[in-house]
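Colleague: need a structure here:
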Amino acid sequence: MSFFGTRRSRPTRVFRPTPSIWDRLLSAFRDYKVLTHVLIATFATVGLLLSVQAWRSRFTYRAGQIADVGVQARVDFEVENVRETQLNLDEAIKDAPLVLVQESAIVDRLQSLLRDQLSEIANAESINQVALPTLAAFGLTTQDAATRETSFNVLKNQLRDADESKGKRIDLLMSEFELLTKDARSLGLIDNSSARSLLGANPDVTNSANRKRSIKVVNSAGLVLHNGVLADVLLMEQLQETGRLGKSWPSLQNLSAIQQVIEFWLQQNFRNQLKLDPIATDAELKLAGESAPRKLDKYTKGTVIVPEGTMLLETDEQLGLLWLEYLAHESSISRFQRFSRVVGTAMLVILLVILFGAFLKFSSPKMLEETSRLVIFVGMCIGTVFLGTLMSRDPWRAEIVPLLAAVMITAIAYSQVVAILTAFCLSLMISMATVSDLGHFVSLMTICVTSIIPLRRIKSRLVMIKIGFMVSAVAFYAVWGVGVMRAHGADDAWRNMGVIVTALKFAGWSLVCCYLVAGSLPFIEQAFGVVTDISLLELTGVSHPLLLELARRAPGTYNHSMTVASLAEAAAESIGANGLLARVGAYFHDIGKMTKAEYFIENMTEGSENHHKTLAPAMSTLIIIGHVKDGMELAEEHNLPEPLREFIEQHHGTTLVEYFYHEATRKKDGDHRTDADESSFRYPGPKPQSRETAVLMLADAVESASRTLKEPTPRRIQSLVHEITMKRLLDGQFDECNLRMNEIRMVEESLIKSLLAAHHGRVRYPGQKTA
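Modeller: Model (predicted):
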């Protein structure tokens, strides 16, 4: 034995080196949730960079803007002079030839027709024996009777055979007619009527310019027969003394005697030998247009394109000039400059994603836990930036539509705070990706915040319509106000209609967006797993199949649920929570009891057997706890919204089934072989995740407990509610629902007040017996 007593041994300490940052990162990435969030953040960053086309510069000019400073060309570029180019094009088209296809068979048919008509006149005894069309062909119907008779006899005498040989004179005339029309057979002729149809808008064939119109004559095989002008084939022109037909008359001794009659006959009957080929003509016109010279105006670097103070309008050529300068500048950017732009934009996007994620982690962690809905939210944000960038161009200027829709959906699905932060990030991204203007960002934020403020509760679609008109008015004044600031005065803004038109566009699109969101509420609820007051009001009616079945199979539980609903709604409203949600959640929170209604005390009638007397405490506990699981299955079967399922799942949290736990403890053996395990007598949870489910937990507990009071005096009710509240608080049931201590106190007071009202006394009437 030691003189100083027993020597104590010191505990051995193991010194471990402090993990490095790299080790901490590796450890974090081994966590599935962290890795998932990193992947979602990466997806958001890449998606936003692609949406804003980070590798390109921004075209920041829109109709209605006022140039604060003069806009100068950043590079040399050329712009087509539309007016001069159009003049060159018109001139080239005017010189393009008309392609005419020759029909040589027409001449043969004409010869046959002329022979028949000349023979008819030669064989007629009088003019009355000649058909009217034949007389009209030779101009014998436009004269008076005497002149017509004389002209007929003269023509008949020219056709008479001198040697009495029948038809010999006509054969001689027809042979000379064939010589006359030989040129028409090889080249072709066109009458005045057909020529006028070719000339279109200006059909005057006597016009010198029209007679000089270029033509190309081809045969049916496409072989070119002649390149010239319209006068070369115009029948009227070729019958002149200088024409090809006119020059032939001196050599035609017999036919020249009736020259005037034959020329009249040709003008009446010569039709459709040359027809327009529209396909070939269009090809010639297209070729001429392509070969027409373009007039280009050159702008050198530093040239003032838009003077200072100029209002840009949709119909203004300056917007088009700015766009062409932008394209020229964009094509001159090097790869390194594009890479620098991508890096700069990526830094901004990464910063916004990190700040947004940090905010969600500390203020709305539940949003990060729901991975599928988080991915939907990120995809919605990416789509908003992409559509906003695309729709911001003139003449639409509709970037407010996807932005406002995304912000309103966020306010409905999550919270107003998250919606405001979303509006800030998306407005910043869209502004930077379009006009890069602070005034535009302010306008977008003002419109978004205006739509978020009244979206806390949506009790009817009429509310959405009212919000639409309010947002529309604010949109007009916000955009117009920015225009007034830019125009340095309201007078300038009113005089320049560009500001008014832009403001009206934003107002109109805002109204349209609110209508679209109002009509899409069912899809929004389904996609994000939320429920609006509109849907809740539809569920407040007791005609829902689940409630009807609950009333039939478990009337005691049904009455209990109705009472709890009243208590929960009042308590939730007292702390600013959604009382309607708490009320509807209370309606359905105990629907699982209908499957084994006889095992729950509120459904047992007086004199009925208590089934738990024949069961072990553990088995009874399984039945009691099982109503939560049964309720979830019924909710899924009837497609109850997710927020209502949370009331079914969380209204008991992880509390202890005290009665059967104490029964099991009382029946334990002396050797502790049948000791009761407390965890086996607790509900599986989870604990309440929202203020509404926490309120329902208390309302459910105090309503059930208050029925055990033989004399529910105010003091006893107050003591009972306080005891149950403290028990739930100390048991940690409110740790995950963001319910503050002062709110717990307010809920307690509301429950006491409601229970006192439910258990109020009445004045006893004289002679009334005690029940």
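Colleague: going forward, measure contacts and count neighbours with C-alpha atoms only.
Modeller: OK.
Colleague: hang on, P643 packs against T532?
Modeller: No: using C-alpha atoms under 8 Å, P643 is not in contact with T532, being 10.0 Å away.
Colleague: which one of the two has more residues nearby?
Modeller: Set P643 next to T532 and count neighbours by other C-alpha atoms under 10 Å: T532 wins out with 21 against 16.
Colleague: count the neighbours of the closest residue to that one other than its chain neighbours for me.
Modeller: Once flanking residues are discounted, T532 sits nearest to I458: 6.3 Å by C-alpha to C-alpha, 6 or more residues apart in numbering. By other C-alpha under 10 Å, 16 other residues sit near I458.
Colleague: so who does I458 touch?
Modeller: For I458, the contact set (C-alpha atoms under 8 Å, 6 or more residues apart in numbering) comprises M464, T532, D533, I534.
Colleague: straight-line length of stretch 323-339, end to end?
Modeller: 23 Å (C-alpha to C-alpha, to the nearest Å).
Colleague: pull out the buried residues from that stretch.
Modeller: Neighbour-count burial for stretch 323-339, counted by 16 or more other C-alpha atoms under 10 Å, picks out L324, E325, Y326, A328, H329, E330, R338.
Colleague: possible to save the contacts of I458 as CSV with secondary structure and distance to E149?
Modeller: Formatted as CSV, those follow (DSSP: H, G, I helix; E, B strand; the rest coil; distance: C-alpha to C-alpha, whole Å):
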residue, secondary structure, distance to E149
M464, helix, 93
T532, coil, 102
D533, helix, 103
I534, helix, 100
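Colleague: where does the stretch 1-150 of the chain have low pLDDT?
Modeller: For the stretch 1-150 of the chain, the stretches with pLDDT under 70 are 1-30.
Colleague: try it again at 90.
Modeller: 1-37, 57-58, 60-150 (pLDDT under 90).
Colleague: the strands in it, which residues?
Modeller: If DSSP state E, counting those that start in this stretch is used as the criterion, the strands of the stretch 1-150 of the chain fall at 71-72, 77-80, 98-102.
Colleague: do the chain as well
Modeller: Remark: strands assigned in the chain by DSSP state E are 71-72, 77-80, 98-102, 214-218, 224-229, 274-276, 296-299, 304-306.
Colleague: A131 is nearest to which of these?
Modeller: strand 274-276 (28.9 Å; C-alpha to C-alpha).
Colleague: so E692 touches V584, yeah?
Modeller: No: at 10.6 Å, E692 does not count as touching V584 under the criterion of C-alpha under 8 Å.
Colleague: compare those two and say which is more crowded by neighbours.
Modeller: More crowded of E692 and V584, by other C-alpha under 10 Å: E692, with 30 against 24.
Colleague: ok, now how distant is the residue lying closest to that one once chain neighbours are set aside from A699?
Modeller: Excluding its sequence neighbours, the residue lying closest to E692 (C-alpha to C-alpha, 6+ apart) is A582, at 5.4 Å. From A582 across to A699, the span is 10 Å (C-alpha to C-alpha).
Colleague: who touches both of these two?
Modeller: What both A582 and A699 touch, as defined by C-alpha under 8 Å, 6+ apart, is the set A568.
Colleague: isn't L644 right next to Y587, touching?
Modeller: No: counting by C-alpha under 8 Å, L644 sits too far from Y587 to count as a contact (9.4 Å).
Colleague: these two: who's more crowded?
Modeller: Using other C-alpha under 10 Å as the criterion, L644 and Y587 rank with Y587 on top: 30 against 23.
Colleague: could I get the contacting residues of the more buried one?
Modeller: L547, Y558, S561, M562, A565.
Colleague: quick check, Q318 in contact with P307.
Modeller: No: Q318 is beyond contact range of P307, at 10.1 Å (criterion: C-alpha under 8 Å).
Colleague: same list (the strands of the stretch 1-150 of the chain) but as TSV, adding mean neighbour count and distance to H638.
Modeller: TSV is the format used below for the strands of the stretch 1-150 of the chain (neighbours: other C-alpha atoms under 10 Å; distance: least, C-alpha to C-alpha, whole Å):
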stretch	mean neighbour count	distance to H638
strand 71-72	16	64
strand 77-80	16	66
strand 98-102	25	76
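Colleague: so which of the ones you listed gets nearest F43?
Modeller: Closest approach to F43 among the strands of the stretch 1-150 of the chain is made by strand 71-72 (37.6 Å; C-alpha to C-alpha).
Colleague: what lines up beside that closest one in the sheet?
Modeller: strand 304-306 (antiparallel) (DSSP bridges).
Colleague: check the offset of the partner strand from the chain's centre.
Modeller: 35 Å (C-alpha atoms, centre = their mean, to the nearest Å).
Colleague: same check on stretch 215-223?
Modeller: 54 Å.
Colleague: what of stretch 534-543?
Modeller: Stretch 534-543 sits 32 Å away from the centroid of its parent chain (C-alpha atoms, centre = their mean).
Colleague: and that stretch, which residues are buried?
Modeller: S535, L536, L539.
Colleague: what of stretch 424-441?
Modeller: Buried-residue list, stretch 424-441, by 16+ other C-alpha under 10 Å: 424-436, 439-441.
Colleague: return the member of these nearest to E711.
Modeller: Distance to E711, by C-alpha to C-alpha, is smallest for F424 among those, at 57.7 Å.
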